[in-house]
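**Student:** What follows is a predicted structure for the sequence shown.
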Amino acid sequence: MAQYQDELDPITGRKELVDGANVTFHDVTEAVARPIEVPSSRWWIAFIPSVMLLGVYLISIAYLLYMGTGIWGLNNPVAWGWAIVNFVFWVGIGHAGTLISAILFLFRQKWRTSINRAAEAMTIFAVICALQFPTFHTGRPWFIYWPLPLPNQMEMWPNFRSPLLWDVFAVSTYFTVSLLFWYVGLIPDLATMRDRAKTPIRRFAYGLFALGWRGSTRHWLNYEKAYMILAGLSTPLVLSVHTIVSFDFAVSQLPGWHTTIFPPYFVAGAIFSGFAMVLTLLLPLRAWFKLEHIITIKHLENMAKIILLTGTMVGYAYAMEFFIAWYSGNPYESFAFQNRLFGDYWWAYWIMVSCNVITPQFFWIKRIRRSVVWLFILSIFVNIGMWFERFVITVTSLHHDFLPSSWDYYSPTVWDVSTLVGSFGLFFTLFCLFVRYLPTVAIGEVKSVMSIANPHYHGDGAHGERH
Amino acid sequence: MSKPLKKKTYGLLAEYDSARAIYHACEQVRDAGYKVWDSHTPFAVHNLDKAMGLGPSVLPWIVFAMGMTGASLAMLLQWWTSTIDYPIVIAGKPYFSWQAFVPVTFELGVLFSAFGAVFGMLGLNRLPMWYHSLFNSERFLRHTDDKFFIAIEARDPKYDPQKTRELLERTGALHIEEVED
């Protein structure tokens, strides 16, 4: 490391995951807890527009319940429309949170500790948004319990051979397990908030949910085991969820849907879009809450690399779909793909390719990976591209299937748009409430990866004495 | 009722300020033969359970049992509903087309395992427990921030107010106090 030593390189440079000299445990607690205890007025700048968007969502849903799904642009061949597009989009967003919290944990990627809390929160809120769409798409959401295997007066049972039913089990399990995982991670930090609380209401509220946690080593023993098991369970779970979501398409007979590449392709796309959303949320958060020394540029760069990897996988999947459409010699399959490129929805296809295949390739350049502005702009492009991917998949295959007599053109109505835009209001409102009331960074976990947390730390590391 | 109520003692609470200090202190308390004691740290200090001489957690067995229960119940439910209670031919498949039942079996296995992990962990830790004697100590509040504690309970057979305090002093405790029950 003669002339050029990259201070952020994990091998040649520093080993510290928290930036700055002589950061103590107390500094970490302060950095995370202060913004919650002494809220910044800038929080309202994010919260008020979010609540207004939430209002748009509630109005859209109220009108939908009053009128029925006819207010959406659904027609006879395209019965799935934006509701399913949005559902797959939001579920996919959630997957990055689980990847960060579970898969990176199993791979002992210690850098995840500063971003996992916010990413898991994002997962839960994204799945809440996702669950809205199939619920209201049923047209009679008060019967949404029908897919559950409950004994009933009709003496009927759900069809367990249907991918849509698998989806009910997959997504509801995913939501429950993500919520439990998130809550288990929160318990020690809620105890920190309880012990710092100055007002009785705060002490009661945090204390109630901290369950009387007292940092006992006998407790940590079971706690860490539970955490590792939950990570081990979430890893196959997250892969299964988007696999099963892709089965909704792949198990049908429709050209463009009936392909075996769908499960891995959907999972890669989900992680791709989810990391983009993590960047979209964390870049403002770390600046506003002054967490740049905990969520460091190295973290952002690592996420950019994952976006590059998964984005390239998605690009490969696009190419492979085309190759197989041609190589299979199936005329319907070939037509479906020609129709995607040059048919009625050519514009959606090319938006998707530009955003998902070209955009991530910018992350080969180190300067872009480390530029907050570039990261933010490119993450928005990825979000847009991945929404269009689901639109292309859902709509192009449905609108032109086997018989030209059943072809039709699908276009959304203003209510489709307001429901999608409004769902972002739901998402951002929940996220704003999260950053206002809960520790956005896993305080205890960040402390545990600092070098002073090592019981064999002697204070004679590369950073000099600490006393 | 003329005599004032005698306050009961929970035990001695010793405070340390680094992971390293508590690690070696725990080794000494363990070697002195105490059994009813605990250490309290703001994060899971690596291998501190070994320094305390604790055995492994039994949680994995609970999770395994729960996971098997969930998966078995799911397969049983699907088998019973589609062959016994409501047999109906779908897509020309046999009644018990188990391949199609794998996703739900997997999901319920994971769901039950997760319940086992979370509620098993809380049960083994006797949580929630909103009152605990240690919370009577003002200094103990910093156990979730940057301080490390050892608490030796008065009901430990080896507990002796004087000798135990001396032991804790030898381990390099910064502060020692008696906590009320």
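**Tutor:** Received, thanks. None of these values were measured; they are calculated from a predicted model. Residues are numbered from 1 along each chain as shown, chains lettered A, B, ... in the order given.

**Student:** Please count neighbours and contacts with C-alpha atoms only from this point.
**Tutor:** Noted.

**Student:** Low-confidence bits of the chain, can you list those?
**Tutor:** No chain specified, so I'll use chain A. A:1-21, A:458-467 (pLDDT under 70).

**Student:** Switch to chain B, please.
**Tutor:** Looking at chain B by pLDDT under 70, you get B:1-6.

**Student:** now for the lengthiest strand in it, which elements pack on it?
**Tutor:** Longest strand of chain B, by residue count under DSSP state E: strand B:9-16. Contacts defined by 3 or more C-alpha pairs under 8 Å, 6 or more residues apart in numbering or on different chains; DSSP states H and E place strand B:9-16 against strand B:148-153, helix B:161-170, strand B:175-180.

**Student:** which residues are contacting that strand?
**Tutor:** B:22, B:133-134, B:147-155, B:161, B:164-165, B:168, B:172-181 (C-alpha atoms under 8 Å, 6 or more residues apart in numbering or on different chains).

**Student:** Show me which of the residues you listed are buried.
**Tutor:** Neighbour-count burial (16 or more other C-alpha atoms under 10 Å in any protein chain shown) applied to these gives B:22, B:134, B:147-154, B:164-165, B:168, B:173, B:176, B:178-179.

**Student:** check contacts around A:Phe262.
**Tutor:** So A:Phe262 contacts A:243, A:246-247, A:250 (C-alpha under 8 Å, 6+ apart).

**Student:** Which ones among the residues you listed map onto helices?
**Tutor:** A:243, A:246-247, A:250 (DSSP state H).

**Student:** What parts of the stretch 51-200 of chain A come near chain B?
**Tutor:** Within the stretch 51-200 of chain A, the positions near chain B by C-alpha under 8 Å from any C-alpha of the partner chain are A:155-157, A:160-161, A:166, A:169-170, A:173, A:176-177, A:180, A:184, A:188-189, A:191-192, A:195-196.

**Student:** and with 10 Å instead?
**Tutor:** The interface of the stretch 51-200 of chain A toward chain B, taken as C-alpha under 10 Å from any C-alpha of the partner chain, is made up of A:149, A:155-163, A:165-174, A:176-178, A:180-181, A:183-184, A:188-196.

**Student:** In the contacts of A:Phe262, which residue is surrounded by the most others?
**Tutor:** A:Ser246 (25 neighbours; other C-alpha atoms under 10 Å in any protein chain shown).

**Student:** wait, doesn't it sit right on A:Asp167?
**Tutor:** Yes - here A:Ser246 reaches A:Asp167: they are 9.4 Å apart, a contact under C-alpha atoms under 10 Å.

**Student:** Overlap of the contact sets of these two?
**Tutor:** A:Ser240 (C-alpha atoms under 10 Å, 6 or more residues apart in numbering or on different chains).

**Student:** tell me the centre residue of chain B?
**Tutor:** For chain B, the residue nearest the mean C-alpha position is B:Asn125 (3.5 Å; C-alpha atoms, centre = their mean).

**Student:** and the nearest residue to that residue once chain neighbours are set aside, how many neighbours?
**Tutor:** Leaving out its chain neighbours, the residue that sits closest to B:Asn125 by C-alpha to C-alpha, 6 or more residues apart in numbering or on different chains is A:His219, at 5.5 Å. For A:His219, the neighbour count with other C-alpha under 10 Å is 24.
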